[in-house]
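Asks: Quick one, what's the 3D model for this:
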Amino acid sequence: MLRKEFQKYENFVFDLDGTVWYWNKLIPGVKETILYLEKTGKKVFYLTNNSVFGPEGFAKKLSSLGLKTDSSKVTCASEFLLFYLKEKKIKKIFVVGEDELRKFLEENGMEITKDPEYVVLAQEENISKENEKIAVELILSGVPAVGEAKGRAWMMANEIKPGVGVLIERIEKTTGKKIEIVGKPSQISIDYVKQKYGFNPKKTILFGDELNSDIVFANRSGWDSAFVLTGRDRIEQAEKMKEEKPDFILTNLKDILE
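Replies: Residues are numbered from 1 along each chain as shown. Below is the predicted model of the structure:
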C-alpha cells in the first residue's frame with residue numbers, strides 16, 4: 001500500500017540515473033514500486049538530464065528492464081537541447097555527444113557540421129579528444145555553445161564515469177567562455193516540461209538523487225520533491241540545503257510503500 005503522505009499525488013515523476021537505474025540495471029525495489037503505482041492508477045513519468053538517447057530510446061531501455069512505458073512519458077536532455085536550439089532558430093550545429101543524440105537532432109531538423117551556428121556539449125561515454133578539440137576551436141572563434149547539464153558523475157552499474165559537467169567545466173576553463181546549461185534545473189527545462197505536460201503542481205512529485213538539479217527543479221516548478229539516497233548525493237548535504245531542501249528523504253524508492 002502507498003504511504004498516506006504520498007496518496008494525494010497524481011503525477012509521479014522519476015529521475016533515471018541514480019534514482020531508477022544504474023544505467024544497465026534497475027535499483028533494487030524500483031520495479032515493484034513503479035508497477036504498484038501504475039496498477040493503482042497513478043501516472044508515472046520519467047525526467048532525465050541524460051541525452052544518450054532521445055525519448056524513444058529511453059522508453060525502449062526502460063521497457064527492456066521491465067518498466068513498460070512509451071516516449072510520451074519520458075522527457076530527456078535531448079529534448080531540452082532541441083527546444084533551446086529551435087527557440088533560437090538555430091539549424092547548423094556541431095555536437096560532442098552520442099550517436100543517438102546526433103540522430104535525434106538530425107531527425108528534428110538540425111544539420112550537424114564543422115561550420116556551425118552553435119556548439120552542443122552533451123554526455124559521451126568515451127569523449128573523443130578530436131571532437132573536444134574542434135569544439136574548443138569553434139568556441140574560441142566566437143561560436144556560442146550550449147551544454148546538456150552540470151552533472152559530474154555518471155553511474156553505470158558499479159562504475160562511476162565522468163559526467164558531462166566535467167567536460168563543460170574543462171572547456172569553460174580552456175576557452176574562458178561561459179556555457180549555458182539547458183538541463184534541470186534551468187528555466188529552459190522548467191518551461192519545456194510545463195509546456196509538454198501542464199501538470200497540476202499540487203498533484204505532482206519528483207523523485208531524484210541530485211539536490212542541485214532534481215530537487216531544485218521540482219521546487220522551482222512548484223512541485224513537491226523526494227530526495228532518494230541511491231545516487232551520488234548524501235543526506236548530510238540535504239540537511240544543509242536551502243533551495244535544494246526536499247519535502248521527503250528516502251533511502252530507496254520502495255520507501256513510499258508501507
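
Asks: contacting residues for the residue sitting nearest the centre point of the chain?
Replies: With the centre of the chain defined as its mean C-alpha position, the nearest residue by Cα atoms, centre = their mean is residue 49, 1.6 Å away. Shown here is residue 49, whose contacts under the criterion Cβ atoms under 8 Å, 6 or more residues apart in numbering are 15, 17, 76, 77, 148, 149, 151, 183, 184, 213. All C-beta atoms are positioned from the backbone trio N, CA, C, and that covers glycine.

Asks: any idea where the strands of the stretch 101-250 of the chain begin and end?
Replies: Ranges of strands in the stretch 101-250 of the chain, per DSSP state E, counting those that start in this stretch, are 111-112, 118-121, 145-147, 153-156, 159-162, 180-181, 204-208, 224-228, 248-250.

Asks: Which of these sits closest to residue 21?
Replies: strand 153-156 (8.6 Å; Cβ to Cβ).

Asks: can you tell me how far the residue nearest to the centre of the chain sits from residue 190?
Replies: Here the distance between residue 49 and residue 190 works out to 13 Å (Cβ to Cβ, to the nearest Å).

Asks: same deal with residue 54?
Replies: Distance from residue 54 to residue 190, counting by Cβ to Cβ: 20 Å.

Asks: which one of the two has more residues nearby?
Replies: Neighbours per residue, other Cβ atoms under 10 Å: of residue 54 and residue 190, the larger number sits with residue 54, 22 against 18.

Asks: Let's see the pLDDT reported for the more buried one.
Replies: Residue 54 is assigned a pLDDT of 96 by the prediction.

Asks: Nearest residue to it in space, please, no chain neighbours.
Replies: Residue nearest to residue 54 in three dimensions, not counting chain neighbours: residue 104, with 3.6 Å by Cβ to Cβ, 6 or more residues apart in numbering.

Asks: next one: residue 72
Replies: In this structure, residue 72 finds its nearest non-sequential neighbour in residue 55, 7.8 Å apart by Cβ to Cβ, 6+ apart.

Asks: pretty sure that neighbour is in contact with residue 80, am I right?
Replies: No. With contacts counted by Cβ atoms under 8 Å, residue 55 stays clear of residue 80, the gap being 11.3 Å.

Asks: Neighbour count for these two, which is higher?
Replies: Neighbours of residue 55 and residue 80, each counted by other Cβ under 10 Å, are more numerous for residue 80; the result is 26 against 20.

Asks: before we move on, what SS does the more buried one have?
Replies: Secondary structure of residue 80, reduced to three states by DSSP: H, G, I helix; E, B strand; the rest coil: helix.

Asks: roughly how far apart are it and residue 86?
Replies: Distance of residue 80 to residue 86, computed by Cβ to Cβ: 11 Å.

Asks: and what of residue 60?
Replies: Between residue 60 and residue 86 the computed distance is 24 Å (Cβ to Cβ).

Asks: Run through the stretch 101-250 of the chain and note the low-pLDDT ranges.
Replies: 126-127, 152-162, 238-243 (pLDDT under 70).

Asks: mind listing the helices for it?
Replies: Per DSSP state H, counting those that start in this stretch, the stretch 101-250 of the chain has helices spanning 129-140, 164-175, 187-197, 216-221, 235-240. These are given in chain order.

Asks: and the gap between the residue with the largest distance to the centre of the chain and residue 128?
Replies: Among the C-alpha atoms of the chain, the one most distant from their mean position (Cα atoms, centre = their mean) is that of residue 141, at 29.6 Å. Summarising the geometry, the distance separating residue 141 from residue 128, computed by Cβ to Cβ, is 19 Å.

Asks: Run the chain-centre distance for stretch 104-120.
Replies: When C-alpha coordinates are averaged (Cα atoms, centre = their mean, to the nearest Å), stretch 104-120 and its chain have centres 20 Å apart.
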